[in-house]
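Student: just a sequence and a predicted model for now, questions to come.
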Amino acid sequence: MSRTRKILMDIAAKYALPIIYCTVILRLIVSVFMINEAARYTLICFTAECLLFGLFEWLKGKRVLRGVIYLALFSLSVFIYFRLLMQGYERTNINYTDWFYVDVNEVGRVDEYFYGTMIFMTFFLSSIVYYFTIIRYRASGTMLALLFPLFIYAKRAQTINTFELTLLITVFLALMVHSRLVSTENKDRVVINRQYAAALALFVAVVGAVTMFLPSTTAQSKLESDKSYFDLTLSRNSDYTDLNDLSSLRFGSNDEGIELFRLSTSENGFVYYLRRQGFDFITDDERWMMSRDITPYDFTQMSNEQNELNSSVYVYKMMRELADSGKYEEYGLYKGEYPDEIYSELESIDIRATDDFAPTYLTATMSLEAESLRDYTKIPHGEIYASTLYDDPNNQPPVLNTNFSSYIEGSEYERFEESLDMEYDEFIEILDTAAANGDIVPQVPENIKALHDIYTDLSDYEVDERIVELAQSITADKKTEYEKAQAFVDYFEQNGFRYDREYVPSDESIAYFLFNSKRGSCTSYATSMTIMARLSGLPARYVEGFSAYERDRDTNEVIVRDSHAHAWVEVYISGMGWVTFDPTIADYQTASSDDDSVFDFSIFFQYFGRIAIVLGVVFVIVFVVLLDRIIELAFRISLIFTDNTDRILKLYRRTLKLLENSSGKRLAGYTPHELLGFMRTRREADLSYVVELFEAACFGEYKPTDEEWKKAYSIYKEEYKKLRKQRTSRAAEA
């Protein structure tokens, strides 16, 4: 057993740190491309490393064969790498460099690229680490492996979190010290024991602690601060200049607080939700997709006025005319139910953009008054293309500098929404009858039905059952459609949710946001509400745009920055049309990274986490260093709870154990007198009185008196340091 243990200890002393170091590096690389499955693939890489290290060790003594086999394995890894890259491109048509440098949520997941990259990386990095730590110690060669993840993260403009970076540096330092000491080029013999491990751990812990608490730089590269910096074909604010097929990433803010445009308004005190675009379907990775060719909901054959079915203003006016006609009282639609004053006031809004912000769409409110624009094109999602408003003869992008009118949605509007009690079936019945009577065009009810089907659809999305149950519980006692939608908004406000643009969780699912972290940006709030609204039978769409609330104190203009990009929800209320709901808790309008008066709890927890790491390392070091003393203290305490005979027996067994641990020899077969001789010659210790009492108690059934026990225990304590004294060299115990 001792021989096996010695072999295992020698293997661990030689290979443990190099393999751990290589595993930490591969873990960082895996996390870039497979963050949700990082643990599983890291374990696979670790297993492959162990096998490769074993193979390299076997080949070490075979001078010619080792070169041939290594070149064959290297060629095989390269062949597999390029073969998988070809298969990945054939299957997805996604360029490898795009996959390598851009977030997977933007370009898509390509498993062949990942497998090929990790097969090559695992073989190549294992080779480097093995050679420069086992065969020939070279610090520069070992550091070469460390540069791989740093290069990848830098090229992708991503940051390594504090814990992982500290772990990487700590393991690297430990490996450097260890490799230097045990290198075959080092002529001094080094004994790998508990004291060596504790000293090494103490060194790297102190260095790691100092590294963690040093203030980090706040400087950013151009690529970190602006991902489109090197794209000369686009504006610096290209993220916001055009419509996208996919919604924004749910995690990781990339804004700089750059001013995009300003609003001059005739009213004060409002938060303006300026639409950019709406989305229709949710993807498997819980991002929203915009479909520009929804055929059942096609307005191309309708007039601009009829096109306004997508606007709550038009629906309201249409329903008011039907109510005032008196023809539909039998359906519950009475005169005066839609009062004139709701949409009677208009405000003028002037938009003036900065020089480098030239969007292809008009940022406008949902209650825009269409006649205020001389020409416009509106698609089913509610977007208005600015390119149709401003034709530039030089084919330059349109300049966002215009004026439009918007209906004021004040307190009367909100009261009407809350009081409206109309179900979808009642709404459709009224529209069908009105179409049959010729009061509205036949396309109106058909398009509303298509709209309902599209924006309640979740057939391609696998919904977590807990979300279904949550949606049902939130709307259980709510009667009207408006009450149900507002209940979702209230739920986030009343259940401990936090707004945090910078937060990136380990699990990015909506279920984790709703039931675990309760922390995220507007995209998580809006996505959650849209899903739950659809589960409750409410037509809902996810919308992105700008939340305009910052006012210039000097000019009273509303300033809109890239950091004001926002996501919210629009719910189609029967009899009312699309209504805006903002489920993001109100803190987002006051949250600012530049506000020094607000205590940043994230920084507090970040430093608390660092302190916890250091304390944990210190605890392990103290425990390792003092382990013998802790065991001895426990032994001495245990003597209190037994009689003198058992005390003497335990004292002899403890003496035997101490001598075995300090000498590395098996002494269980020694007679008491042989053990005495061993102590006298090897430790210069004399416990003859303790041994005599042990023989009398063990073989003669003698019961020692209290005075005899005290004398024996006193001798043991005096000789304790000699018994536990560690060997200083292998020759000393020969």
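Tutor: Received it, and whenever you're ready, just let me know what you need.
Student: what about the residue lying closest to L723 once chain neighbours are set aside, neighbour count?
Tutor: Excluding the flanking residues, the one nearest L723 by CB to CB, 6 or more residues apart in numbering is L658, at 4.2 Å. All C-beta spots, glycine's among them, are computed from the backbone N, C-alpha and C. Neighbourhood size, L658 [other CB atoms under 10 Å]: 23.
Student: contacting residues for L658?
Tutor: Neighbouring residues of L658 by CB atoms under 8 Å, 6 or more residues apart in numbering: 720, 723-724.
Student: that one sits in which helix or strand?
Tutor: Per DSSP states H and E: L658 is located in helix 644-663.
Student: may I see the buried residues of that helix?
Tutor: Using 16 or more other CB atoms under 10 Å as the test for burial, helix 644-663 gives 644-645, 647-648, 651-652, 654-659, 662-663.
Student: how about stretch 133-149?
Tutor: Buried residues in stretch 133-149, defined by neighbour count with 16+ other CB under 10 Å: 133-134, 137, 142, 145-146, 148-149.
Student: before we move on, what about stretch 539-554?
Tutor: Within stretch 539-554, the residues that qualify as buried by neighbour count (16+ other CB under 10 Å) are 539-550.
Student: could you do stretch 49-56 as well?
Tutor: Using 16+ other CB under 10 Å as the test for burial, stretch 49-56 gives 49, 52-53, 55-56.
Student: what does stretch 462-469 give?
Tutor: 463, 467.
Student: likewise for stretch 530-540?
Tutor: 530-536, 538-540.
Student: among those residues, name the ones in helices.
Tutor: 530-535 (DSSP state H).
Student: now, among the residues you listed, which is nearest to P18?
Tutor: Within these, the smallest distance to P18 is 47.3 Å, found for I531 (CB to CB).
Student: now the strands for this protein?
Tutor: Ranges of strands in the chain, per DSSP state E, are 259-265, 272-279, 281-282, 288-289, 346-353, 368-369, 401-407, 498-499, 519-520, 540-548, 550-551, 558-561, 565-573, 577-581.
Student: can you put the ones you listed in a markdown table and add distance to L676 and mean pLDDT?
Tutor: Shown next, in a markdown table, are the strands of the chain (distance: least, CB to CB, whole Å; pLDDT from 0 to 100):
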| stretch | distance to L676 | mean pLDDT |
| --- | --- | --- |
| strand 259-265 | 89 | 89 |
| strand 272-279 | 86 | 88 |
| strand 281-282 | 81 | 90 |
| strand 288-289 | 83 | 88 |
| strand 346-353 | 96 | 86 |
| strand 368-369 | 101 | 76 |
| strand 401-407 | 101 | 80 |
| strand 498-499 | 70 | 90 |
| strand 519-520 | 67 | 91 |
| strand 540-548 | 84 | 93 |
| strand 550-551 | 87 | 88 |
| strand 558-561 | 85 | 91 |
| strand 565-573 | 82 | 93 |
| strand 577-581 | 87 | 91 |
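Student: got a markdown table for those, with distance to T241 too?
Tutor: Formatted as a markdown table, these follow (distance: least, CB to CB, whole Å):
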| stretch | distance to T241 |
| --- | --- |
| strand 259-265 | 9 |
| strand 272-279 | 10 |
| strand 281-282 | 24 |
| strand 288-289 | 19 |
| strand 346-353 | 10 |
| strand 368-369 | 20 |
| strand 401-407 | 15 |
| strand 498-499 | 26 |
| strand 519-520 | 26 |
| strand 540-548 | 13 |
| strand 550-551 | 21 |
| strand 558-561 | 14 |
| strand 565-573 | 12 |
| strand 577-581 | 23 |
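Student: tally of neighbours for D285?
Tutor: Number of residues near D285 (other CB under 10 Å) recorded here: 14.
Student: same question for R66.
Tutor: 15.
Student: my read: H566 touches Y273, true?
Tutor: Yes - in this structure, H566 is within contact of Y273 by CB atoms under 8 Å, at 7.5 Å.
Student: who touches both of these two?
Tutor: Between them, H566 and Y273 share the contacting residues 545-547, 582, judged by CB under 8 Å, 6+ apart.
Student: rewinding a little: export the ones in helices among the buried residues of stretch 530-540 to CSV and tack on pLDDT and distance to T456?
Tutor: Formatted as CSV, these follow (pLDDT from 0 to 100; distance: CB to CB, whole Å):
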residue, pLDDT, distance to T456
T530, 97, 11
I531, 97, 11
M532, 97, 12
A533, 97, 9
R534, 97, 5
L535, 96, 9
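Student: quick one: the residue sitting nearest the centre point of the chain and A712, what's the gap?
Tutor: What sits nearest the mean C-alpha location of the chain, by CA atoms, centre = their mean, is P505, with 2.9 Å. Separation of P505 from A712 (CB to CB, to the nearest Å) stands at 61 Å.
Student: same question, A13
Tutor: 39 Å.
Student: between those two, which one's more packed in?
Tutor: Taking neighbours as other CB under 10 Å, A13 and A712 compare with A712 leading, 23 against 16.
Student: contacting residues around the more buried one?
Tutor: 648, 651, 689-690, 693, 704.
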